[in-house]
Every structure is written in structure tokens, then in C-alpha cells.
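A.B. asks: 3D model of this:
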Amino acid sequence: MRTRQVQLLREQDRQVSESLRKNDPRQARIEELARESTEGELTEEERAEYVGYVRANRFVAILKRQAQQLTRGAGTSNSN
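C.D. replies: From the prediction side, this is the model:
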């Protein structure tokens, strides 16, 4: 039962994250910067802005991975 609850929470988290990304005006800016980066058309200011987004994204990914590891550990621990 605990495993099912964790699965539901993960699914809800994924849905909320996806919704926030779609509705976040920064997402369009990040996509624009990514496209311009690929095309080699970023100014120095845009490059710095894009690097900031990339670093923030990596940081969030690390936090999510750690949270997943903690929830996996909590889901498998035995209580007496």
C-alpha cells in the first residue's frame, strides 16, 4: 500500500511540474535561448542568462534525485 501511495505522489508531482513548465513564461525564454545557443547566436549577456538556467536546472535535478532516493528508502524501511 505504501508503494502505491509513493507512486501516486510521484505521478502528481510529475503532472504539477509539467503544468508549471507549460504555464511558466520563463520556459519560452529558456527554449529561445537554447535554440539560439544551438545556432551559435547568443550574445554574452544571453549566454550568461542561459548558463544560469542550465545551472539551476542541474541543481533542481540533483535535489529531485536525492528526494527520490529518500522516498525509496522510506518506502522500503520496516517499522516495528
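A.B. asks: switch to C-alpha atoms for all contacts and neighbour counts from now on
C.D. replies: Will do.
A.B. asks: lowest-pLDDT helix or strand in the protein?
C.D. replies: helix 2-23 (a mean of 66; mean pLDDT, DSSP states H and E).
A.B. asks: can you list contacts of whichever helix or strand comes after that one?
C.D. replies: Of the helices and strands lying after helix 2-23 in sequence (DSSP states H and E), the nearest is helix 25-38. Residues outside helix 25-38 that contact it (CA atoms under 8 Å, 6 or more residues apart in numbering) are Arg21, Leu42, Glu46, Arg47, Tyr50, Tyr53.
A.B. asks: list buried residues within those residues.
C.D. replies: Leu42, Arg47, Tyr50, Tyr53 (16 or more other CA atoms under 10 Å).
A.B. asks: adding pLDDT, write the residues you listed out as JSON lines.
C.D. replies: Compiled in JSON lines, the buried ones among the contacts of helix 25-38 are given as follows (pLDDT from 0 to 100):
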{"residue": "Leu42", "pLDDT": "93"}
{"residue": "Arg47", "pLDDT": "94"}
{"residue": "Tyr50", "pLDDT": "94"}
{"residue": "Tyr53", "pLDDT": "92"}
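A.B. asks: many thanks, we can stop here.
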